[in-house]
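>>> need the 3D shape of this:
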Amino acid sequence: MKTVIHQENERGKADHGWLKAAHSFSFASWYDPARMHFGMLRVLNDDLIAPGKGFGMHPHNDMEIITIILSGELEHKDSMGNGSVIRTGDVQVMSAGSGVLHSEFNPSDKNPTRLFQLWIFPKEKNIEPRYGQKNFNIRSLENNIQTVASGFNIGDELYIHQDAAVSICKLNAESGIQYDLFRKENGVYIMNIDGKTVVEGNKLGNRDAVGITEKDYIEIKAIEDTELLIVEVPMK
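Numbers count the residues shown, from 1 in each chain. Just a heads-up that it's a prediction; the model follows:
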């Protein structure tokens, strides 16, 4: 087993007034050659968007983009003709493929929006763009793992065009769980969203993360009530 630890205070930080962001991997003006990606996971951004603000229409291609709304709302529009509002507990997936334009705005005039956005390299380029969203009632999770997006078609999760899986885990204090990889050759990147936990002997606090490779299951133990983001990806 190999591990890499990414502590919260090591993330790249950006404050644009309307947007406060923390980057787990090199992004925009923040560059760290040692933090370019974890396998096929290219981006993990932790964004806080001010009321009435957001990202204007802009392009993407050849990337699987997963957005998880932690609190608030986000209004989505794209060149495929989709237009919707995603809310707390919702997950959005966009396969940019051969090219897509989209915008994302906080439609509230008083409440900020907190979200995670992940970019995962697809297993094939130039595919037809796709869009999907779903509510997974994540708040009701208790001592369980909910896969919200994957390329494995294991249940009712959203599809992404990669042999990868994105999951949310909630654990009560002093409880434990085992995450079994879908592909033993994959790696797993786990961010402790809130609370305190121990992942394969590594103690994590709020927004700390650990990347683990060369192991086909992961032991997780909660010290206190904890919420985790689990991202399983091919390493090459």
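
>>> part of a helix, is Asn9?
Yes - assigned with DSSP: H, G, I helix; E, B strand; the rest coil, Asn9 falls within a helix.

>>> contact partners for it?
Neighbour list for Asn9: empty [criterion: CB atoms under 8 Å, 6 or more residues apart in numbering]. C-beta coordinates here come from the backbone N, C-alpha and C atoms, glycine included.

>>> what does Asp109 give?
Going by CB under 8 Å, 6+ apart, the list of residues near Asp109 reads 51-52.

>>> so Pro234 touches Arg183, yeah?
Yes - if you go by CB atoms under 8 Å, Pro234 and Arg183 touch, sitting 7.2 Å apart.

>>> please say which of these two ends up with more neighbours.
Between Pro234 and Arg183, Pro234 has the larger neighbour count (other CB atoms under 10 Å), namely 18 against 15.

>>> contacting residues around that one?
Counted by CB under 8 Å, 6+ apart, Pro234 has contacts 39-40, 123, 162-164, 183, 185-187.

>>> report the two of those residues separated the most.
For the contacts of Pro234, with distances taken as CB to CB, the pair at the greatest spread is Lys123 and Gly187 (15.3 Å).

>>> between those two, tell me which one has more neighbours.
Using other CB under 10 Å, the more surrounded residue of Lys123 and Gly187 is Gly187, with 24 against 15.

>>> ok, the more buried one touching Glu232?
Yes - counting by CB under 8 Å, Glu232 is a contact partner of Gly187 at 7.3 Å.

>>> can you check what pLDDT the model gives the residue positioned nearest the centre of the chain?
With distances taken as CA atoms, centre = their mean, Leu118 lies nearest the centre of the chain, 4.3 Å away. In this model, Leu118 is scored at 98, pLDDT.

>>> what do you get for Leu141?
86.

>>> how far away is the residue lying farthest from the centre of the chain from Lys53?
Going by CA atoms, centre = their mean, the residue of the chain most distant from its centre is Asp109, 25.7 Å out. Per CB to CB, to the nearest Å, Asp109 is found 11 Å from Lys53.

>>> domain parsing for the chain?
Using automatic domain parsing, the domain ranges for the chain come out as 13-135, 138-233.

>>> what's the end-to-end length of the last one?
Across its full length, domain 138-233 reaches 22 Å between end residues, using CA to CA, to the nearest Å.

>>> centre of the chain to that domain, how far?
Centroid displacement of domain 138-233 relative to its chain, using CA atoms, centre = their mean, to the nearest Å, is 11 Å.
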